[in-house]
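Engineer: Quick one, fold the following:
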Amino acid sequence: MDRKIFEMNLSVNATSLYLLLTSLIQSGADLTDEVIASLWNGHQDELTEAQDELEKYKVVKSPKEGWWQVLPATSWQKP
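Structural biologist: Okay, the predicted model is just below:
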């Protein structure tokens with residue numbers, strides 16, 4: 001986890017999703033829609049909005065349908 005995430009002024013849901021993703025990475029789990037959705041405590045639309053926000057800020061990308069990748073903090077940018 002990179003503490004820069006707290007300086008990005010992201011929504012609570014987007015920050016929470018980032019923390020979930022980094023936790024999954026540390027545990028060796030795949031970053032798939034299915035795995036993430038099974039652990040997400042909010043509504044599906046909140047998850048989708050959080051994913052969109054993280055993509056907008058270049059924190060994550062989806063290299064192929066249904067899979068996610070967390071990008072290095074050096075690539076993050078505020079729109």
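Engineer: for this protein, longest helix please?
Structural biologist: In the chain, with assignment by DSSP state H, the single longest helix is helix 12-27.
Engineer: Tell me which helix or strand comes right after that helix, heading toward the C-terminus.
Structural biologist: Per DSSP states H and E, the first helix or strand lying C-terminal to helix 12-27 is helix 33-39.
Engineer: how near is the nearest residue to Leu19 once chain neighbours are set aside to Trp67?
Structural biologist: Using C-beta to C-beta, 6 or more residues apart in numbering and skipping residues adjacent in sequence, the residue nearest Leu19 is Met1, 6.7 Å away. Using the backbone N, CA and C atoms, a C-beta is placed for each residue, glycine as well. Met1 sits at a distance of 20 Å from Trp67 (criterion: C-beta to C-beta, to the nearest Å).
Engineer: Quick one: residues contacting the residue sitting nearest the centre point of the chain.
Structural biologist: With distances taken as C-alpha atoms, centre = their mean, Tyr18 lies nearest the centre of the chain, 3.8 Å away. For Tyr18, the contacting residues are Met1, Ile5, Leu10, Leu54, Val59, Val60, Val70, by C-beta atoms under 8 Å, 6 or more residues apart in numbering.
Engineer: which non-adjacent residue is nearest the third one?
Structural biologist: In this structure, Leu10 finds its nearest non-sequential neighbour in Glu53, 6.2 Å apart by C-beta to C-beta, 6+ apart.
Engineer: A strand includes the one you found, no?
Structural biologist: No - using DSSP: H, G, I helix; E, B strand; the rest coil, the assignment for Glu53 is helix, not a strand.
Engineer: quick one: Cys68 from Gln77, how far?
Structural biologist: Slight slip there: residue 68 is Trp, not Cys. Distance from Trp68 to Gln77, by C-beta to C-beta: 18 Å.
Engineer: ok, now Gln69?
Structural biologist: Distance from Gln69 to Gln77, by C-beta to C-beta: 16 Å.
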